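Q: Return a 3D structure for these sequence lines:
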Amino acid sequence: MYTPPPQEPPPYVPPPQVAAPGPIPNHLVWAIVATVFNLCGVCVCLGIVGIITGIVAIVFAAKVNGLLAAGDFDGAARASNTAKILCWVTTGFAAAGILWIAYSFTLGGGMAEFNSAMEQYKSQLHQ
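A: Down below sits the predicted model:
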């Protein structure tokens, strides 16, 4: 009876790696900076809304690298685009809040009110 020689399995060939569609930015620094600038205008209603959109932008920006590491390039691209849109919105709220504060201290009479309060405080100290 003839027994064929043992056959060796074919060599292992790893599946082809899917290349990333280019670098996908996470926009994390932009989200953090825009959120911090919204803290300057927190006394304005826009600052509070800007802080909320900034926090959501930070969350989406933080998801990008994890999704890239997991190989979910479409999910990473969606998270990156969402973070970018929220960063623009947050930057807009920050700019509006900073402009409002600048207006209120210059043309809006806020500086005169501040100086008046400081004079009252000084007069109370000297009594």
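Q: count of neighbours near A61?
A: Neighbours of A61 under the rule other CB atoms under 10 Å: 24. (C-beta placed from N, C-alpha, C; glycine too.)
Q: other SSEs contacting the strand or helix carrying it?
A: Secondary-structure element containing A61, defined by DSSP states H and E: helix 45-69. Under the contact criterion of 3 or more CB pairs under 8 Å, 6 or more residues apart in numbering; DSSP states H and E, helix 45-69 touches helix 28-40, helix 73-106.
Q: Mind putting these into a markdown table with mean neighbour count?
A: Formatted as a markdown table, these follow (neighbours: other CB atoms under 10 Å):
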| stretch | mean neighbour count |
| --- | --- |
| helix 28-40 | 19 |
| helix 73-106 | 18 |
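Q: Mean pLDDT and distance to Y121 added to those helices, as CSV?
A: Converted to CSV, the helices and strands packed on helix 45-69 look like this (pLDDT from 0 to 100; distance: least, CB to CB, whole Å):
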stretch, mean pLDDT, distance to Y121
helix 28-40, 91, 23
helix 73-106, 89, 18
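Q: The helix holding A61 vs helix 28-40, what angle?
A: With axes from the mean of the first three to the mean of the last three CA atoms, to 10 degrees applied, the angle from helix 45-69 to helix 28-40 works out at 160 degrees.
Q: Would you tell me which of the helices and strands packed on helix 45-69 gets closest to G22?
A: helix 73-106 (9.6 Å; CB to CB).
Q: which residues are contacting stretch 56-64?
A: 24-28, 30-32, 34-35, 75-76, 79-80, 82-83, 86-87, 89-90 (CB atoms under 8 Å, 6 or more residues apart in numbering).
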